[in-house]
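**Q** using only what follows, build the 3D model:
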Amino acid sequence: MASLAAALATALPPALGQGFVPAVVPAHGVGSRGDLPLPFTALVIAAVAALVISFVAIGTLWREPRLRDTDGVLLPGPVAALLDSHWLRVVARVLTWIVTVWTLAALVLGPDTARNPVPHVVYVWLWVGLAFSSMLLGPVWRVVNPLRALHAGLLRLARVSPDLAALPYRWGLWPAALGLGTFTWVELVAEDNTSLGFLRLLVAGFVAVSLLGAAVFGRTWFDHADPFEAWSRLLGLLSPLGRRRDGRWVLRTPLHGVNGLRGQRGLVPTVAVMLGGTAYDGFSANLSWATFVQSSPVPSALLRTATLLAFFGFVAVTIWLASVVSVRLAGEPFSRSFSFVSDVAPSLIPIAGGYVIAHYWSLWVYQGQYAWRLLSDPLGTGADLLGTADLTPNDLLIQPTLVATIQALSIVVGHLLGVLAAHERAITVLDRRAAVIGQVPLMVVMVFYTLGGLTILFAP
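**A** Alright, predicted model coming up:
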């Protein structure tokens, strides 16, 4: 996203743009080693120590599965009634449709300049904003997805059952993994990814594939194959809002949401794309890497594509290898590793969420505000339809030390939650002693991820 952030920053007027570019390009934050609340070496030692101590402590004290679907603090009746309100969903969908139509007008009729709001809506609001809102509120895209609503509306017009499907759906999350991987490539590698011509093809292709998939497989397509619904649903597991087994709204820990996810086809590649893509994003902002890409005889697009795929593959392979060693240490047959890796894959979701916060915090809180300025003039006519044409984004939340602290904490806390989630799943599917011994390889992998994440963020 570093190159994309630079491209988006060109939409800013000179006075803002000059101050903005350095704030966003380095790993989506203004944080650096000099801004850390602790020296980098001390931070790494503290992070690794926290993970190891936590592993030893939970292996000793957390002897039985503790996370139950009856846990949680009940929300007050009026709050729960509001969350269940039909009108709340109607308002959310109407607002989403207004933004969608407004953005499509800019996409089709607006100028192909840096003042067009479409890149901000697609890459900042849809991608990053959806991640943050899902981690806060839950799987919101399932509620407001305009393509899901369009499909349902077309079926109603045709007077056919909403459950209409020509073929049964059997691919799990694999199409979502491919879709997320493709969008990540578009965001981080594709040339001219902010040009209107490119975005028109991207949006048209996505709409066509989505409606075709829904026409063939029914609304199940959106439940499993839609990449943005998968992105929102998986990160939404970290939300403090959730339902317990009796359907009542509660406040809960992120671990309860993650523990409720069971292994399914395509889950491992999906979380590998989520985690690997965000890690590559931070890595690609490194000056040494950028210099290497520019000086390499290999075409830059090919080199960056291969590296992005390598990041995806690295996450998938390391978690699978750790699972293989884990089940062998636990005395289980090799064949058990295939189901075990799916069991522990949800433990990568808190880590992915931590990476999202670390890498995208400053982009979201700053460029997310600036999108309002561009949306006030969607057709580039000099209009101020929303009264926000002169909006100056507030930079209070992207101060260097604050961002560096948020980045470091989100990485470390994400990995701590990952360790806890992996332990809960392991002692659920294995006996306790075997689970503790078998988790050692997973612990090694998570320590490596922690070191890698901190180094990527704060490397000079």
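
**Q** count the residues that sit near Ala345.
**A** 24 (other C-beta atoms under 10 Å). Placement of C-beta: from N, CA and C, glycine included.

**Q** typo on my end, it should be Ile357
**A** Ile357 has 23 neighbours, counted by other C-beta under 10 Å.

**Q** thinking it is in contact with Ile406, fair?
**A** Yes: contact criterion C-beta atoms under 8 Å: Ile357 and Ile406 qualify, at 6.7 Å.

**Q** so which strand or helix has Leu385?
**A** Using DSSP states H and E, Leu385 maps to neither a helix nor a strand.

**Q** what residues does the helix or strand harbouring Val143 touch?
**A** Using DSSP H and E, Val143 sits within helix 140-144. By C-beta atoms under 8 Å, 6 or more residues apart in numbering, the list of residues contacting helix 140-144 from outside reads 89, 92-93, 95-96, 130, 133-134, 148, 222-223, 228-229, 231-233, 236.

**Q** these, buried ones only, as a ChimeraX selection?
**A** Applying 16 or more other C-beta atoms under 10 Å to the contacts of helix 140-144, the buried members can be selected in ChimeraX as follows:
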select :93,96,130,133,134,148,222,223,228,229,231,232,233,236
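
**Q** among the contacts of helix 140-144, which ones are in strands?
**A** Using DSSP state E, no member of the contacts of helix 140-144 falls within strands.

**Q** in helices only, show me the contacts of helix 140-144.
**A** Secondary structure from DSSP state H places 89, 92-93, 95-96, 130, 133-134, 148, 222-223, 228-229, 231-233, 236 of the contacts of helix 140-144 in helices.

**Q** so what angle separates the directions of the secondary structure element (helix or strand) that Ala176 belongs to and helix 227-236?
**A** Element membership of Ala176 [criterion: DSSP H and E] is helix 174-188. Per axes from the mean of the first three to the mean of the last three C-alpha atoms, to 10 degrees, the angle that helix 174-188 makes with helix 227-236 is 90 degrees.

**Q** show me what helix 174-188 packs onto, helices and strands only.
**A** Counting by 3 or more C-beta pairs under 8 Å, 6 or more residues apart in numbering; DSSP states H and E, the packing neighbours recorded for helix 174-188 are helix 2-9, helix 227-236, helix 267-284, helix 300-329.

**Q** residues making contact with it?
**A** Contacts to helix 174-188, defined as C-beta under 8 Å, 6+ apart, come from residues 1, 3-4, 123, 127, 193, 202, 213, 224-231, 265-266, 269-270, 272-274, 277, 280-281, 284, 304-305, 308, 312.

**Q** try it again with 6 Å
**A** Under the contact criterion C-beta atoms under 6 Å, 6 or more residues apart in numbering, helix 174-188 has outside partners 193, 225, 227, 230, 266, 269-270, 273, 277, 281.

**Q** run through the chain and note the low-pLDDT ranges.
**A** 1-38, 431-435, 459-460 (pLDDT under 70).

**Q** residue ranges for the strands of it, please.
**A** Assigned by DSSP E, the strands in the chain fall at 73-74, 241-243, 249-251.

**Q** neighbouring strands - and their directions - for the first one?
**A** Under the criterion DSSP bridges, strand 73-74 sits next to strand 249-251 (antiparallel) in its sheet.

**Q** buried sites along the partner strand?
**A** 249-250.

**Q** now do it: distance to the chain's middle.
**A** Mean-position distance between strand 249-251 and its chain equals 23 Å (C-alpha atoms, centre = their mean, to the nearest Å).

**Q** with adjacent residues omitted, what lies nearest to Pro146?
**A** The shortest distance from Pro146 to any non-neighbouring residue, by C-beta to C-beta, 6 or more residues apart in numbering, is to Thr100 (4.9 Å).

**Q** reformat the helices and strands packed on helix 174-188 as JSON lines; add distance to Gly353.
**A** Listed next are those as JSON lines, based on distance: least, C-beta to C-beta, whole Å:
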{"stretch": "helix 2-9", "distance to Gly353": "20"}
{"stretch": "helix 227-236", "distance to Gly353": "6"}
{"stretch": "helix 267-284", "distance to Gly353": "9"}
{"stretch": "helix 300-329", "distance to Gly353": "14"}
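
**Q** still on that earlier bit, would TSV of the strands of the chain with distance to Tyr449 be doable?
**A** Conversion of the strands of the chain to TSV gives the following (distance: least, C-beta to C-beta, whole Å):
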stretch	distance to Tyr449
strand 73-74	31
strand 241-243	26
strand 249-251	28
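
**Q** closest to His423 out of those?
**A** Closest to His423 of the strands of the chain, according to C-beta to C-beta: strand 241-243, at 20.3 Å.

**Q** how far off centre is the closest one?
**A** On C-alpha atoms, centre = their mean, the centre of strand 241-243 falls 19 Å from that of its chain.

**Q** got a list of contacts for it?
**A** 138, 250, 252, 257.

**Q** once you drop chain neighbours, what's closest to the last one?
**A** Beyond its immediate neighbours in the sequence, the residue positioned closest to Gly257 (C-beta to C-beta, 6+ apart) is Leu237, lying 3.6 Å away.

**Q** pretty sure that neighbour sits against His256.
**A** No: if you go by C-beta atoms under 6 Å, Leu237 and His256 don't touch, sitting 8.7 Å apart.

**Q** which one of the two is surrounded by more residues?
**A** Here Leu237 and His256 are compared on neighbour count by other C-beta under 10 Å; more neighbours surround Leu237, at 24 against 21.

**Q** dump the residue contacts of the more buried one.
**A** So Leu237 contacts 257-258, 261, 349 (C-beta under 6 Å, 6+ apart).

**Q** and stretch 265-283, how far from the chain's centre?
**A** 9 Å.

**Q** scratch that, stretch 104-120 is what I was asking about
**A** Here the centre of stretch 104-120 is set off from its chain's centre by 25 Å, with C-alpha atoms, centre = their mean.

**Q** list the contacts of it.
**A** For stretch 104-120, contacts defined as C-beta under 6 Å, 6+ apart pick out 10-11, 103, 194, 196, 199, 371, 374-375, 378-380.

**Q** what is the nearest of the residues you listed to Asn394?
**A** Among the contacts of stretch 104-120, Ala371 lies closest to Asn394 (C-beta to C-beta), at 13.8 Å.

**Q** give me the nearest residue to that closest one, chain neighbours excluded.
**A** Excluding the flanking residues, the one nearest Ala371 by C-beta to C-beta, 6+ apart is His120, at 3.9 Å.
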